[in-house]
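S.K.: What would the 3D arrangement of this be:
(one chain, ligands or ions: 2)
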Amino acid sequence: MFGLFSKNHFPVEGRTVLITGASEGMGRSVAVQLAAKGAHVILVSRNVGRLEEALLEVKAAAASPSTQRFTYLSADVSEPDFAARVVAEAIAWNGGRPLDTVWCIAGMSTPLLFTDPGAMAASHRNMSVNYFGAAEMAHAILREWLVPSPSTAKWPEPKHLIFTSSVAALLPLAGYAPYTPSKSALRGLADTLAMELHLYPATPVQVHVVFPATIISPGLARENETKPGVTVELEKADTPETPETVARRAVAGLERGEYFVTTSFLGWLMRCGALGSSGRNSWVLDTLVAWVMSVAYFFVMWDLNGQVAKWGRTHGTPGVKRAA
Ligand SMILES: NC(=O)C1=CN([C@@H]2O[C@H](COP(=O)(O)OP(=O)(O)OC[C@H]3O[C@@H](n4cnc5c(N)ncnc54)[C@H](OP(=O)(O)O)[C@@H]3O)[C@@H](O)[C@H]2O)C=CC1
Ligand SMILES: CCCCCCCCCCCCCCCC(=O)[C@@H](N)CO
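M.R.: Ligands and ions are numbered 1, 2, ... in the order given. Next up, the predicted model:
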């Protein structure tokens, strides 16, 4: 599959990968697919029952069951200081050897109109899980990876730190105000780290951000319970994908060496349309498409904003009541 002209920039065979949010949805599919590619996998999430189930599925997918190792660690990524314990336990389990990849997939979404009485509690929860859950992992693992080591390799293989954002961070969608800032913050963190890591050439770490669009997952079912009607209307333009498809496309993007990884054509257009000062996957193509998107967005945003205004006219302005 990879030859002279298509290097695999994300080799996992024989490497150890830690995945948060690995017991369900996209994270579980990523764990299964990386196991099938020969990785040792550490699953992290809260619910032990679901972790046990996921572990069985991951083990069954192993390319070399006799040599690959799998385990899980139960942790709540919204708890301060969870990450130091997880990293220490993971490295101990890995025989004292460092992890090769940390992929932060644990996340949640509570779509609400921002004037909803529960919007601020939801915003805090989403920020705790989606942003700080990943930032704490990044802080803990970088303090392991960046310790100067007398590496004998002239070109040491880079480690991989992968965040999972959303196309909602690339395009505004009414109803996602409690959620989108937490996913946009991941982009800001990744861009800053990608620059700061130039301070450590001897211990290379590659940062990546995956931007899925709608995933047909247990999380989607949960968020649809509170999703405002106007948000459902806007999302009709998207084609929901299975966790397996999203995982496969995300891994393929990482293997191509991409920085911002998308899992659909619409997502790819949105990435190009939002690049600004972020790293490119292809300077020429991305820049050309960014120019096109800057014109296309005049019409796209006209349409999306028009849909929201029309929703308000036909369904009535949302009733906002002053706090009692
Ligand atoms: N579903 C969608 O439409 C989209 C999702 N995304 C993002 O992609 C990622 C995967 O989404 P999806 O497949 O829907 O995920 P699911 O909601 O289906 O699964 C979430 C996973 O994260 C774990 N998790 C949730 N909260 C915590 C926590 N506080 N601490 C530790 N683990 C936690 C869950 O396990 P447990 O409950 O046991 O802790 C589970 O394994 C998320 O970051 C999501 O925000 C992005 C775009 C679209
Ligand atoms: C470039 C042209 C754009 C055309 C307009 C496209 C309309 C927007 C569709 C995107 C919907 C998916 C949002 C992510 C949902 C999400 O992250 C939550 N489900 C989290 O769980």
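
S.K.: I figured residue 185 was touching residue 127, is that so?
M.R.: Yes: with contact defined as C-beta atoms under 8 Å, residue 185 counts as touching residue 127 (7.3 Å). Any C-beta I mention is one placed from the backbone N, CA and C, and that applies to glycine too.

S.K.: burial count for residue 10?
M.R.: Residue 10: 25 surrounding residues under other C-beta atoms under 10 Å.

S.K.: Around ligand 2, pick out the residues from the stretch 51-200 of the chain.
M.R.: Contacts of the stretch 51-200 of the chain with ligand 2, taken as C-beta under 6 Å from any ligand atom, map to 109, 166, 167, 168, 171, 173.

S.K.: Dump those to JSON lines, plus neighbour count.
M.R.: Output for those, formatted as JSON lines (neighbours: other C-beta atoms under 10 Å):
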{"residue": "109", "neighbour count": "23"}
{"residue": "166", "neighbour count": "27"}
{"residue": "167", "neighbour count": "23"}
{"residue": "168", "neighbour count": "25"}
{"residue": "171", "neighbour count": "22"}
{"residue": "173", "neighbour count": "19"}
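
S.K.: Name the helix or strand for residue 43, please.
M.R.: Secondary structure from DSSP states H and E places residue 43 in strand 40-45.

S.K.: Residue 258 now?
M.R.: Assigned by DSSP H and E, residue 258 belongs to neither a helix nor a strand.

S.K.: Give me the distance between it and residue 36.
M.R.: Going from residue 258 to residue 36 by C-beta to C-beta, to the nearest Å gives 21 Å.

S.K.: more crowded one of the two?
M.R.: residue 258 (21 against 15).

S.K.: list the contacts for the residue nearest to that one when sequence neighbours are not counted?
M.R.: Once flanking residues are discounted, residue 258 sits nearest to residue 281: 4.5 Å by C-beta to C-beta, 6 or more residues apart in numbering. By C-beta atoms under 8 Å, 6 or more residues apart in numbering, the residues touching residue 281 are 256, 257, 258, 259, 260.

S.K.: what about residue 228, how many neighbours?
M.R.: Using other C-beta under 10 Å, residue 228 has 18 neighbouring residues.

S.K.: List the residues that contact it.
M.R.: 111, 112, 113, 174, 175.

S.K.: What ranges does the stretch 151-300 of the chain have for its helices?
M.R.: Applying DSSP state H, counting those that start in this stretch to the stretch 151-300 of the chain gives helices spanning 180-196, 218-223, 229-234, 243-255, 265-273, 283-315.

S.K.: Does the residue nearest to residue 323 when sequence neighbours are not counted belong to a helix, a strand or coil?
M.R.: Nearest in space to residue 323, with sequence neighbours left out and distances taken as C-beta to C-beta, 6+ apart, is residue 117 at 7.6 Å. Per DSSP: H, G, I helix; E, B strand; the rest coil, the local secondary structure of residue 117 is coil.

S.K.: Span of stretch 106-118 from start to end?
M.R.: Using C-alpha to C-alpha, to the nearest Å, the end-to-end distance of stretch 106-118 comes to 22 Å.

S.K.: any bit of that stretch sitting next to ligand 1?
M.R.: Yes: contact of stretch 106-118 with ligand 1 (C-beta under 6 Å from any ligand atom) involves 106, 107, 108, 109.

S.K.: related to what we said a few turns ago, between the helices of the stretch 151-300 of the chain, which gets nearest to residue 18?
M.R.: Closest to residue 18 of the helices of the stretch 151-300 of the chain, according to C-beta to C-beta: helix 243-255, at 14.9 Å.
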